[in-house]
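Participant: Provided below are the primary sequence and the corresponding predicted coordinates.
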Amino acid sequence: MQHALSRVSPTLDTDARTAWMALMRLTGPGERLAAALALLLTPDSEQELRAWELAVRGEPTARALLERCRRLPASARLPALERLLQACARDDTLEQRQSLMLAARRVMCADGSVSALDRLVWLAVRHLLSGPVRLHRGGLREDNDLTQLPLAMRQAIASVTAYLARLVPEPPRRERIDASGTAWHDRVVLAVWGEASMPPTCQVPDVDRFGRALQTLEGLGWVHRPLLARLWVDAADTRPGLRTRLDEPLPPAAEALRLACVLLDAPLPPALAAHFIRDPEQERRADGT
């Protein structure tokens, strides 16, 4: 078994690398919209594909972009989507970004169901299209220990963790939290609560409460964000969970935790980053080629 901490990030074959490089060179808002929506499609969903076709009418390169996106493995789809949305946030007008968000919602909802992972993806799309944010740096006297955070902040962590427990360490049937999800949640929350009494139980928040919890975490200090991300990932270093073999499919826990890190504006812990490709352009620069 390949331990999550020692695994090597997957690499792109020649065909997938060519597709990646072509997607990263897109400059027109219509092209980027078509590609971003293609990366959001659920495989084999005819309803979502029809919604995509409706959304990209008039874009002559749309079908070719769809085929390029289909050449990317699962480990490259979220990284590619993030890069495209960052480009949109940087270069597109507010109206163009709003159009992309509305189109993304229509495509993702076209099959009549919105999963827990779908909602995370949608929130990440909205977050990335909003552009870079200034992180709260904290004061000189602010403790780096998560157990010393204000109660409201720790409660927000517990709520977001309870939501993620629908997907981590693996999605149960009907997306209800099972024993493994509850155990993962409890490991995280107990670490955040420390010796304090009465840590919250695993109660999945409704949409409004989840949104409020994410808003609260916007005030989390820049030092605390990677600590929380690492805590989530370390608690999920299980099987099922992030501890997978290199020949196994991308685990849903990896996708969920990557999206949570996006929403938190936190860097990916190495054990999580290892489930996704490294940006080929950055990899090439690092190698000096």
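Facilitator: Noted; the coordinates are in hand.

Participant: next one: phi and psi at Asp44?
Facilitator: Per-residue torsions, Asp44: phi 70, psi 10 (degrees, to the nearest 10).

Participant: OK, contacts around Asp279?
Facilitator: Going by Cβ atoms under 8 Å, 6 or more residues apart in numbering, Asp279 touches 79, 83. From N, CA and C alone the C-beta is placed, and that goes for glycine too.

Participant: just the helices from the stretch 51-200 of the chain, written as ranges.
Facilitator: Under the criterion DSSP state H, counting those that start in this stretch, helices of the stretch 51-200 of the chain are mapped to 62-70, 74-91, 94-108, 116-129, 151-164, 179-193.

Participant: what mean pLDDT does the second one have?
Facilitator: Predicted confidence along helix 74-91 averages 96 (mean pLDDT).

Participant: element containing the spatially most central residue of the chain, please.
Facilitator: Central residue of the chain (Cα atoms, centre = their mean): Leu259, 1.5 Å from the mean position. Per DSSP states H and E: Leu259 is located in helix 252-264.

Participant: tell me how far the residue nearest to the centre of the chain lies from Gly28.
Facilitator: Leu259 sits 27 Å away from Gly28 when distances are taken as Cβ to Cβ, to the nearest Å.

Participant: next one: Thr11
Facilitator: 29 Å.

Participant: low-confidence ranges in the protein?
Facilitator: Applying pLDDT under 70 to the chain flags the ranges 1-7, 135-143, 173-175, 282-289.

Participant: what residues of stretch 177-187 count as buried?
Facilitator: Buried residues in stretch 177-187, defined by neighbour count with 16 or more other Cβ atoms under 10 Å: 177-178, 180-181, 184-187.

Participant: biggest separation within these, which pair?
Facilitator: Of all pairs drawn from those, the one with the longest distance (Cβ to Cβ) is Asp178 and Arg187, at 14.9 Å.

Participant: how many other residues sit next to Asp265?
Facilitator: A count of neighbours around Asp265, defined by other Cβ atoms under 10 Å, yields 17.

Participant: phi and psi next, for it.
Facilitator: Dihedral angles of Asp265 (phi, psi; degrees, to the nearest 10) stand at phi 50, psi 40.

Participant: any idea how far it is from Leu257?
Facilitator: In this view, Asp265 and Leu257 are 14 Å apart by Cβ to Cβ.

Participant: and if you look at Gln47?
Facilitator: Relative to Leu257, and taking Cβ to Cβ, Gln47 is found at 28 Å.

Participant: single out the most deeply packed of the helices of the stretch 51-200 of the chain.
Facilitator: helix 151-164 (a mean of 21; mean count of other Cβ atoms under 10 Å).

Participant: touching it from outside, list them.
Facilitator: With contacts defined as Cβ under 8 Å, 6+ apart, helix 151-164 is touched by 116, 146-147, 149, 177, 185, 188-189, 192-193, 199-200, 202-205, 209-210, 212-214, 216-217, 219-220, 228, 232, 256-257, 260.
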